[in-house]
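K.L.:
Please work out how this folds:
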Amino acid sequence: MDNQPYNPLHGITLKVLVTQLVDHFGFDYLGKQVKIKCFTQDPSIQSSLKFLRKTPWAREKVEQLYIENKHQLTPEK
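P.N.:
Numbering: from 1, shown residues only. Next comes the predicted model:
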C-alpha cells in the first residue's frame, strides 16, 4: 500500500532531482537560487549530493525549487 500518494517527491531520488535541475537550469542558475558553494565553486553532481545529504536546510531549499519547477523539467530517461 502506498502511504505517500500526495507527496510530490515520493519515488524521486536526490540524485534524479539534482540531475534534472542541473540539466534544465545549470549550476549558475541554481547557485543564484540556492546560495550554497557546491553550486557556485567547482560544482558537480557528486559534491552537491554529498553536501545536500548532510545539510537538511539546503536540501529543503533544493527540493522546494524542484517542486516549484517540476512541470518544466525533463523526466529521467
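
K.L.:
Not counting residues beside it along the chain, what's closest to the residue nearest the centre of the chain?
P.N.:
In the chain, the centroid-proximal residue (Cα atoms, centre = their mean) is Val18; its distance is 3.5 Å. Computed as Cβ to Cβ, 6 or more residues apart in numbering, the closest residue to Val18 that is not its neighbour in sequence is Ser48, at 5.3 Å. The way it works is simple: take the backbone N, C-alpha and C, and place the C-beta from them, glycine included.

K.L.:
cool, and Leu9?
P.N.:
Take Leu9 and drop its neighbours on the chain: the residue closest to it by Cβ to Cβ, 6+ apart is Glu63, 6.0 Å away.

K.L.:
Can you tell me the SS state at the one you found?
P.N.:
Recorded secondary structure, Glu63: helix (DSSP: H, G, I helix; E, B strand; the rest coil).

K.L.:
before we move on, what about Gly11?
P.N.:
coil.

K.L.:
How confident was the prediction at it?
P.N.:
Gly11 carries a pLDDT value of 87.

K.L.:
for Leu17, same thing?
P.N.:
pLDDT, Leu17: 95.

K.L.:
switch to numbering from 14
P.N.:
From this message on, residue numbering opens at 14, which makes the last subject Leu30.

K.L.:
Test my guess that Asn82 contacts His37.
P.N.:
Yes: between Asn82 and His37 there is a contact at 7.4 Å, judged by Cβ atoms under 8 Å.

K.L.:
For Val35, which residues are in contact?
P.N.:
43, 58, 61 (Cβ atoms under 8 Å, 6 or more residues apart in numbering).

K.L.:
Name the surrounding residues that touch the host helix or strand of Glu73.
P.N.:
Assigned by DSSP states H and E, Glu73 belongs to helix 69-82. The contact list for helix 69-82, computed with Cβ under 8 Å, 6+ apart, reads 21-22, 25, 27, 30-31, 33-34, 37-38, 43, 46-47, 49, 64-66, 86.
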